[in-house]
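model this:
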Amino acid sequence: MKQKIASLFMIVLALVLLIPGITLPVLTLEGHIEKSQLAQAGIEMLAEDGNSRSRGMLQMVSGMLGLDQLEGQVLVYQKTRSIWGTVNELKANNNLLVACLVALFAVIVPVIKLLSQLLYSLLHPCKFKRLVGRFTQLVSKWSMADVFVIALIVTYLAGNADGQMGELLIMKAELGAGFWYFVGYCLCAILSGYFVSRSHKEKDV
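Residues are numbered from 1 along each chain as shown. Have a look, this model is predicted:
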């Protein structure tokens, strides 16, 4: 009885954590640039089509105005994405296959797995319960795909940012609340899977 209660608690908790884990931001990327370097880059762009004399004049004016001594940074790049937001972005960029895979392993499979575990825990011993138990074990084999999805999203966002940044940008990455909710879901899902699997084996003995 205690095992059943623990199993139900973990399943419900996993479902509760999964929702914000999918909808809240998992990663925020920011790109900053030094003000002095930004001013220098602007001068070089203005003087790109000019001669050495015009370039020298611009450098002199920059020095007189103190543009080369500016302090501080300017935010020039920022991207925050949740799992579901990443699915929509991939779809908008015509990466339908990757979008479908992320949605399958981060949303559909976890929901089906938890609901099947919940159904198994609530059913009384019968043939249908044994079938649900086998199905649950089959779906649970894809449990590590949840972790893979998070790694895929982090890599995608980092790679996307890397493709847009130049040598002047200072990148900063910060994990969002959605990441920690999703980690909590993964841990609860592992524990609920353990309880359900243990109960299923005991029933088969």
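
For the closest residue to Glu174 other than its chain neighbours, give me the pLDDT.
Leaving aside its chain neighbours, Glu174 sits nearest to Thr28 (4.7 Å; criterion: Cβ to Cβ, 6 or more residues apart in numbering). Using the backbone N, CA and C atoms, a C-beta is placed for each residue, glycine as well. Looking at Thr28, its pLDDT stands at 84.

wait, is Asn94 part of a helix?
No - under DSSP: H, G, I helix; E, B strand; the rest coil, Asn94 sits outside any helix and is assigned coil.

just checking, the residue nearest to Glu174 touches Thr80?
Yes - contact criterion Cβ atoms under 8 Å: Thr28 and Thr80 qualify, at 4.4 Å.

Surely Thr86 touches Val98?
No - assessed by Cβ under 8 Å, Thr86 is found out of contact with Val98, at 9.3 Å.

These two: which is more packed in?
Thr86 (23 against 15; other Cβ atoms under 10 Å).

so the more buried one is in which element?
Here Thr86 sits within helix 83-92, counting by DSSP states H and E.

for that helix, packing partners?
helix 2-23, helix 96-103, helix 144-164 (3 or more Cβ pairs under 8 Å, 6 or more residues apart in numbering; DSSP states H and E).

if you average pLDDT over each of those helices, which comes out lowest?
helix 144-164 (a mean of 60).

mean confidence for the helix or strand that it is followed by?
Next helix or strand after helix 144-164 toward the C-terminus (DSSP H and E): strand 170-175. Strand 170-175 comes out with an average pLDDT of 76.
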